[in-house]
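> Sequence isn't available, so here's the structure alone:
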């Protein structure tokens with residue numbers, strides 16, 4: 001029988017985090033779920049742990065070759081069987097014993113064929129709450145009205161904060177872009193939004209560990225050059241021909257300034273795109289206003 005929820009866990013070298021996630025699953029008042037673990041670890045630690053554990057709702061696969069991010073996520077989406085899919089990283093877990101029960105009630109209340117965004121908590125290593133992020137009507141409507149804004153403010157957070165009807169996933173087969181790291185989740189959300197209806201539940205159903213050393217975003221958090229290159233790729237592949245508002249142009253320019261790359265390189269990244277013209281126009285205005293030489297470095301220094 002197909003479980004109501006499929007919890008998708010792409011694991012990698014973090015047995016303690018995985019233990020906490022599985023414990024939070026086992027404590028759920030709603031037990032109509034299956035946990036799929038696809039393991040990219042360097043050794044057999046997680047494999048041996050799962051084999052010796054008493055969890056009977058876990059399906060474990062040790063990848064023959066390391067797939068990496070996000071190919072492992074996509075493989076989980078392809079393989080999992082459940083009515084609703086929820087991808088959770090090993091450093092995340094459910095915020096309460098009733099998280100799945102409350103989510104199921106929300107789904108059954110007329111939201112069966114919608115992608116559901118939930119609130120989440122950020123905790124420290126001692127599981128003390130540092131921040132509660134609850135998506136509200138204003139932020140949700142803003143995101144739906146202008147999905148491009150997700151590049152500058154990710155209202156959703158990590159993939160654990162969305163739940164996808166499996167039938168819609170099979171029909172549309174939207175997957176994570178393997179060429180991305182920093183914007184990999186944002187582009188996935190935008191592509192979902194273009195094809196599927198969304199709704200939200202304010203309740204924080206999940207928890208994520210702050211500053212986890214295994215988080216991909218932490219590894220490239222200050223690699224602004226990488227972020228800029230990815231943003232250019234995203235615009236060319238997913239937003240060609242779209243018009244940007246003045247605020248979006250400003251946000252784009254601010255991100256490029258932060259990367260401190262030469263003007264000619266920044267322009268080349270947007271070659272053949274209307275955004276290049278808008279960016280160049282803003283650079284000229286900034287340069288004239290500051291009376292400095294025509295380089296990103298000089299302007300970036302002034303706006304620090």
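Perfect, I can see it now. As the structure is a computational prediction, the values presented were derived from the model and not from experiment.

> What is the neighbour count of the closest residue to residue 47 other than its chain neighbours?
Closest residue to residue 47 apart from its sequence neighbours, by C-beta to C-beta, 6 or more residues apart in numbering: residue 62 at 5.2 Å. (Each C-beta comes from the backbone N, C-alpha and C, glycine too.) Neighbours of residue 62 under the rule other C-beta atoms under 10 Å: 14.

> And for residue 90?
Using other C-beta under 10 Å, residue 90 has 26 other residues around it.

> Verify the stated contact: it with residue 8.
No: Residue 90 is not in contact with residue 8 according to C-beta atoms under 8 Å; the separation is 11.2 Å.

> hang on, residue 178 in a helix?
No: counting by DSSP: H, G, I helix; E, B strand; the rest coil, residue 178 is not part of a helix but coil.

> can you pull the pLDDT of the residue nearest to it when sequence neighbours are not counted?
Excluding its sequence neighbours, the residue lying closest to residue 178 (C-beta to C-beta, 6+ apart) is residue 71, at 5.6 Å. Note on residue 71: pLDDT of 95.

> again, but for the one 3 residues further on
As predicted, residue 74 sits at a pLDDT of 96.

> Wasn't it part of a strand?
No: assignment of residue 74 by three-state DSSP gives helix, placing it outside any strand.

> In this structure, where's the longest strand?
Across the chain, the longest stretch assigned as strand under DSSP state E is strand 198-209.

> Do me a favour and average the pLDDT over it.
pLDDT averaged over strand 198-209 gives 93.

> So which other helices or strands are in contact with it?
The contact analysis (3 or more C-beta pairs under 8 Å, 6 or more residues apart in numbering; DSSP states H and E) places strand 198-209 against strand 92-94, helix 99-108, strand 115-123, helix 137-145.

> how far does that strand sit from the chain's center?
Put simply, strand 198-209 sits 13 Å off its chain's centre (C-alpha atoms, centre = their mean, to the nearest Å).

> got the buried residues for that strand?
198, 200, 201, 203, 204, 205, 206, 207, 208, 209 (16 or more other C-beta atoms under 10 Å).

> what about residue 54, neighbour count?
For residue 54, the count of nearby residues is 6 (other C-beta under 10 Å).

> and the most centrally placed residue in the chain, how far is that from residue 79?
Closest to where the C-alpha atoms of the chain average out (C-alpha atoms, centre = their mean) is residue 185, at 3.1 Å. The spacing between residue 185 and residue 79, counted by C-beta to C-beta, to the nearest Å, is 20 Å.

> what do you get for residue 207?
26 Å.

> Also residue 164?
Distance from residue 164 to residue 79, by C-beta to C-beta: 15 Å.

> who has more neighbours, these two?
The residue with more neighbours, out of residue 164 and residue 79, is residue 164; 21 against 13, by other C-beta under 10 Å.

> Which parts of the protein belong to which domain?
For the chain, automatic domain parsing gives the domain ranges 5-219, 224-302.

> Check whether the residue nearest to residue 178 really touches residue 179, as I assumed.
No: contact between residue 71 and residue 179 fails when scored by C-beta under 8 Å: they sit 10.9 Å apart.

> what about the two, which has more around it?
residue 71 (17 against 13).

> ok, the more buried one to residue 34 distance?
Taking C-beta to C-beta, one finds residue 71 at 21 Å from residue 34.

> ditto for residue 62
Residue 62 is 17 Å from residue 34, by C-beta to C-beta.

> now residue 234
33 Å.

> now do residue 53
For residue 53, the distance to residue 34 - C-beta to C-beta - is 15 Å.

> can you check residue 192 too?
Distance from residue 192 to residue 34, by C-beta to C-beta: 22 Å.

> who's the closest residue to residue 210 other than its chain neighbours bridged to?
Leaving out its chain neighbours, the residue that sits closest to residue 210 by C-beta to C-beta, 6+ apart is residue 122, at 5.1 Å. Assessed by DSSP bridges, residue 122 has beta-bridge partners residue 131, residue 208.

> from what I can see residue 122 touches residue 133, true?
Yes: with contact defined as C-beta under 8 Å, residue 122 counts as touching residue 133 (7.0 Å).

> So, low pLDDT: which residues of the stretch 1-150 of the chain?
Within the stretch 1-150 of the chain, no stretch has pLDDT under 70.

> give the contact list for residue 221.
Going by C-beta atoms under 8 Å, 6 or more residues apart in numbering, residue 221 touches no other residue.
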